[in-house]
Structures are given as structure tokens and as C-alpha cells.
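*Asks:* Test case, fold it:
(one chain, ligands or ions: 2)
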Amino acid sequence: MTMPFASLSEFRSILSRLPAPDAGALAAAGARNGQLTKPPGALGRLEDLAIWVAGWQGVEKPRCDRPQVVIFAGNHGVVAQGVSAFPAEVTVQMVANFTHGGAAINQLSRAFGAEMAVHALELDRPTVDFTTGPAMREDEVVAALAVGWNAVDPSADLLVTGEMGIGNTTAAAALAAALFGGDAGSWVGRGTGVDDAGLQRKADAVARGLALHGGVLGDPLEVLRCLGGRELAAMAGAIARARVERVPVVLDGFICTASAAVLEKAVPGALDHCVAGHVSAEGGHARLLAALGKTPLLNLGLRLGEGSGAALALGVVKGAVACLSGMATFAEAGVSGG
Ligand SMILES: O=C(O)c1ccc[n+]([C@@H]2O[C@H](COP(=O)([O-])O)[C@@H](O)[C@H]2O)c1
Ligand SMILES: Cc1cc2nc[nH]c2cc1C
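*Replies:* Numbering: from 1, shown residues only. Ligands and ions are numbered 1, 2, ... in the order given. Take a look at the predicted model:
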């Protein structure tokens, strides 16, 4: 594997020089949108969405013909605290299911014409339980960031990042609490379906993690290392690479958004190339999106992960770019303006 960065400090330096969208393409797409055969604004949010895609793709007429879905899987030491309704072996079993085409994300990727890839990150070596020590060493978090970075196809016209990892809603809640403050209990949710006692164990684990790693809370990449997980770091690496390649990203649920939030906290504006695909039913996701200033495209009560909500939102993005790129102007169609 090529290593695009050898340390967190090298990754940090990449984040300090991220590209902006193409101003010319933004202006051209905005002007084109104003001439299309519809009352101004009648396509609602689809109009801004398509212009936003145009800006990142650097073209007047954006496309969503070659979307890429990448799923990262990891295991979590914090599962020992009794924080999930399912056993840790489900992670590797679901990776096999992804590989054989049997998971929800396989069907949704196919339905929306996306290339799908799965990357399992050292599933037989879970992260350290963050209530007892840092989840990862620096070389481990850097390696996970690099898996994500290298997984991105720079020729894709859109990217969805998804995850699979028993216990990862607890890691995501710990990241959210560390990055945005507030009670541990206010960020945890039921994940795969824990009962009230499980919910309390999650809150306790997050509170203990925050207390143990209090010294790093001001440094988002250290927060990722100490409280996150390999699949969360890989998603952050993929989202950063997409920005460097100017590939727009559709964010998925709570875990994906918590990973992305690390980048935004490290460099404000680092998620300008990302749209929130959906708001998941996981307690804390709506609040996390609000803290990031992102309005979700869909609200369907999903709480699956795997990139499923983001893959569904690909349909909305496809519709938006199809209209901007394919509609006739008033002049072309000979339709009278208002
Ligand atoms: O994406 C979400 O918002 C989401 C909400 C709840 C659960 N999940 C999925 O469920 C798993 C984590 O749940 P848990 O209870 O083991 O922490 C992990 O594989 C996620 O993909 C995902
Ligand atoms: C079966 C199952 C499928 C999943 N997909 C994403 N997270 C998951 C968690 C479980 C338990």
C-alpha cells in the first residue's frame, strides 16, 4: 500500500491546504440554472444541490453516472463494556455478506448504479477499549486513514462512505462528545438496539473515555486516535482524499458524520464538499448534523449504517444533476419567460 502520509502531522498538513470549488463552474452552473424551463426556484433544494456538485466537479453540467460506495469495517475493544446488542463477530460475518452481495448496501448500490468496495481493517485485532487506554497508536490511526485515502477512485463523480463495526455507535458518540462537548448521555443512542441498561453502559463508557483522554480533547486528530476506531479513521481519510480530488461526498449516518466531524473540527470548511445524505434514527445524529450546519436530504428513520442512507440519497443527487445538465433553456425550448 502506498502511504500518502507517514504521521498525523503530515495528514494535518494536507488538511491545511485543501482545494476550493471551481468558481467559474459555480457561476456557469448558476447562470444555466436560471435559464432552465421552470419557474425560478421551482426545483427547490435540487437546484442548489446540482450547482454545488457542478462547483466541485469543475463543470457547468455535472454528472452522477459513476458514483462510488466504499464501506470500511472495524472492531472495537469497547464492546467489552456491553455496549452493543450484537456480538463482535457480526462485523466479520457482515463483511462476508457484503462480499457475497447479500447486504442492504449491495442492493442500494446496484439500484443507484454505484461501484461498491469493502475494506476490512484488521478485524481480528480490535482497537483498545478506550475506557482503558487510547484506542489506537499513532501508526495504527495513520494506517487506517491511509486505507481510506487509497480506497477513493479519483475518477468517480461522487463518493459515499459507509461503515460496519459492532460497537461503533459508542465510539462515534465519544467522538461527538469530545468534539462538541455536552454530556456523554446526550450523545449515545440505541445503536443496534440496546435496552435501557445497555444505553446506560454506553453513557458510562463514553464518560469514562472522555475523563481518561481529557488531555487530548482540544486536538481533533488525537480525539480520533484515542476514542475512534479504524473504520472511522478510514472514512475520515477517504473524505479528505475526495476533497483533494474535488469529488463531492454524500455522508451517511451517525458514525460516518462523527468521523467527518473530526476533519471539520481540525480545519473549518473541510466538509464543504460533503452533503448530509440522511438523518439517522440514532440519538445524536440530528444534533451532530446541526452542529456541522448540514441539513439532511432524507429522513426515513434508517439506523443501519453501511452507507445505506447516503446511497439512497444518491437518487436525489442523480435527479438534481440530471435536471441541471439535461433540461432545455427557455430559449432552446421556445417557452415564454415569466
Ligand atoms: O448509521 C447510523 O446512524 C447507525 C445507527 C445505528 C447502528 N448502525 C450500525 O450498527 C452498528 C453499530 O451499532 P452498535 O449498537 O454495535 O454500536 C454498526 O455496524 C453501524 O453500521 C448505524
Ligand atoms: C446484522 C447487522 C447488519 C449491520 N449493518 C450495519 N450494521 C449492522 C449491524 C448488524 C447487527
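
*Asks:* Need the phi and psi values for the residue in the stretch 201-338 of the chain that ligand 2 sits nearest to.
*Replies:* Distance from ligand 2 to each residue of the stretch 201-338 of the chain (C-beta to the nearest ligand atom) is smallest for residue 305, at 4.1 Å. Where C-beta positions appear, they are placed from N, C-alpha and C, glycine not excepted. Backbone dihedrals for residue 305, given as degrees, to the nearest 10, come out at phi 80, psi -150.

*Asks:* Next one: the residue nearest to residue 129 when sequence neighbours are not counted, what pLDDT does it get?
*Replies:* Of all residues beyond its chain neighbours, the one nearest residue 129 is residue 77 (3.5 Å), with distances taken as C-beta to C-beta, 6 or more residues apart in numbering. The model reports residue 77 with a pLDDT of 98.

*Asks:* what separates residue 194 from residue 241, distance-wise?
*Replies:* Using C-beta to C-beta, to the nearest Å, one obtains 33 Å as the distance from residue 194 to residue 241.

*Asks:* actually residue 88, not the one I wrote
*Replies:* Computed as C-beta to C-beta, the residue 88 to residue 241 distance reads 28 Å.

*Asks:* could you pull out the strands for the stretch 51-200 of the chain?
*Replies:* 67-73, 115-120, 158-164 (DSSP state E, counting those that start in this stretch).

*Asks:* Now do the nearest residue to residue 217 once chain neighbours are set aside: how many residues are near it, please.
*Replies:* Counting by C-beta to C-beta, 6+ apart, the nearest residue to residue 217 once its immediate chain neighbours are dropped is residue 178, at 5.1 Å. Using other C-beta atoms under 10 Å, residue 178 is surrounded by 30 other residues.

*Asks:* ok, now the one 10 residues further on?
*Replies:* As a burial measure, residue 188 scores 30 neighbours (other C-beta under 10 Å).

*Asks:* Looking at residue 88 and residue 241, which one has more neighbours?
*Replies:* With neighbours defined as other C-beta under 10 Å, residue 88 and residue 241 compare such that residue 241 has more, 23 against 17.

*Asks:* Need the per-residue pLDDT for that one.
*Replies:* With respect to pLDDT, residue 241 has a value of 98.

*Asks:* In contact with it: list those residues for me.
*Replies:* Residues touching residue 241, when contacts are defined by C-beta atoms under 8 Å, 6 or more residues apart in numbering, comprise 4, 148-150, 152, 154.

*Asks:* Ranking by neighbours, what's the top pick from the residues you listed?
*Replies:* Each of the contacts of residue 241 was scored by neighbour count (other C-beta under 10 Å); the top score is that of residue 148, with 27 neighbours.

*Asks:* Quick check: nearest residue in space to it, chain neighbours excluded?
*Replies:* Nearest non-adjacent residue to residue 148, counting by C-beta to C-beta, 6+ apart: residue 237, 2.9 Å away.

*Asks:* repeat for residue 151
*Replies:* Taking C-beta to C-beta, 6+ apart as the measure, residue 151 lies nearest to residue 70, with 4.8 Å between them; neighbours along the chain are not counted.

*Asks:* Quickly list what the one you found is bridged to.
*Replies:* Applying DSSP bridges to residue 70 yields these beta-bridge partners: residue 117, residue 161.

*Asks:* just checking, it touches residue 163?
*Replies:* No - with contact defined as C-beta atoms under 8 Å, residue 70 and residue 163 do not form a contacting pair (9.6 Å).

*Asks:* any common contacting residues for those two?
*Replies:* Once C-beta under 8 Å, 6+ apart is applied, the residues that residue 70 and residue 163 both contact turn out to be residue 307.

*Asks:* which bits of this structure sit near ligand 1?
*Replies:* 84-86, 163-170, 191-192, 252-255, 280, 282, 285, 303-306 (C-beta under 6 Å from any ligand atom).

*Asks:* Just the buried subset of these, written out for ChimeraX, thanks.
*Replies:* Command for ChimeraX, covering only those of these found buried under the criterion 16 or more other C-beta atoms under 10 Å:
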select :84,86,163,164,165,166,167,168,169,170,191,192,252,253,254,255,280,282,285,303,304,305,306
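
*Asks:* which ones are touching the closest residue in space to residue 247 that isn't next to it in sequence?
*Replies:* Counting by C-beta to C-beta, 6+ apart, residue 247 lies nearest to residue 159, which is 5.1 Å off, once chain neighbours are set aside. The neighbourhood of residue 159, defined by C-beta under 8 Å, 6+ apart, consists of 67-68, 70, 152, 238-239, 242, 247-250.
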